[in-house]
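Colleague: Predicted model and sequence below, questions to follow.
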Amino acid sequence: MEKTDVVKSVQSNGTFEFNGKTFYKYEVQMENGDVGDYNSISQDQNNFIAGKVVNYLYDVSKPKYPKIKPIYNFTGSPKNNGDYQNKQKAQRGDDVQKMIVRQSCLKAAVELSSKNAKLEDILAAADVFVDWVYDVESKEEKYLEVKSKKETTDLPF
């Protein structure tokens, strides 16, 4: 559950190892009475500071071990007019997804081609695969469609 409140106290509560990293445990108490553990990879965490108002997630899915996690509110730089939070993350995700699709389609085109295939032919095949993945009618499909219509409509009788 997302909440906003003032940090009442933060107390170091030891360390533990996980996946080769050292995590530092903190017990965080909020003025509204919420108390929970916060794990940080930084020994000098600065997300919960006594007296500071913070946005946090209060996770009580395991009532014996409630967790408090900070909510990171990113602000954009002046050149982005502060509109950073979702647009750029979503755009970056779409770009990465497109690169992954193009890379896998290029790999499939290379595997499909012969050893003597020209680069242009491999790239054209990869483009056909990318268009198929994104459900776009490719140039190749249009060409085949026109050719097949011509073959079926130009009957000699």
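Modeller: Yes, it's here.

Colleague: what's whichever strand or helix holds residue 37 in contact with?
Modeller: In this structure, residue 37 sits in strand 35-40 according to DSSP states H and E. Residues outside strand 35-40 that contact it (C-beta atoms under 8 Å, 6 or more residues apart in numbering) are 10, 13, 23-29, 45, 47-48, 58-60, 65-70. C-beta: built from backbone N, CA, C; applies to glycine.

Colleague: hmm, try it at 10 Å
Modeller: 8-10, 13, 15-16, 18, 23-30, 45-48, 56-60, 65-70 (C-beta atoms under 10 Å, 6 or more residues apart in numbering).

Colleague: Could you pick out the buried ones from those?
Modeller: 8, 10, 24, 26-30, 45, 47-48, 56, 58, 67-70 (16 or more other C-beta atoms under 10 Å).

Colleague: Filter the residues you listed down to the ones in strands?
Modeller: Judged by DSSP state E, the buried ones among the contacts of strand 35-40 include 8, 10, 24, 26-30, 56, 58, 67-70 as members of strands.

Colleague: In a markdown table, list the residues you listed along with pLDDT and distance to residue 129.
Modeller: Shown next, in a markdown table, are these (pLDDT from 0 to 100; distance: C-beta to C-beta, whole Å):
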| residue | pLDDT | distance to residue 129 |
| --- | --- | --- |
| 8 | 95 | 58 |
| 10 | 93 | 53 |
| 24 | 94 | 48 |
| 26 | 93 | 50 |
| 27 | 94 | 54 |
| 28 | 94 | 51 |
| 29 | 94 | 56 |
| 30 | 94 | 53 |
| 56 | 92 | 45 |
| 58 | 91 | 47 |
| 67 | 92 | 44 |
| 68 | 92 | 47 |
| 69 | 91 | 41 |
| 70 | 89 | 43 |
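
Colleague: And the residues you listed, which is closest to residue 112?
Modeller: residue 69 (47.1 Å; C-beta to C-beta).
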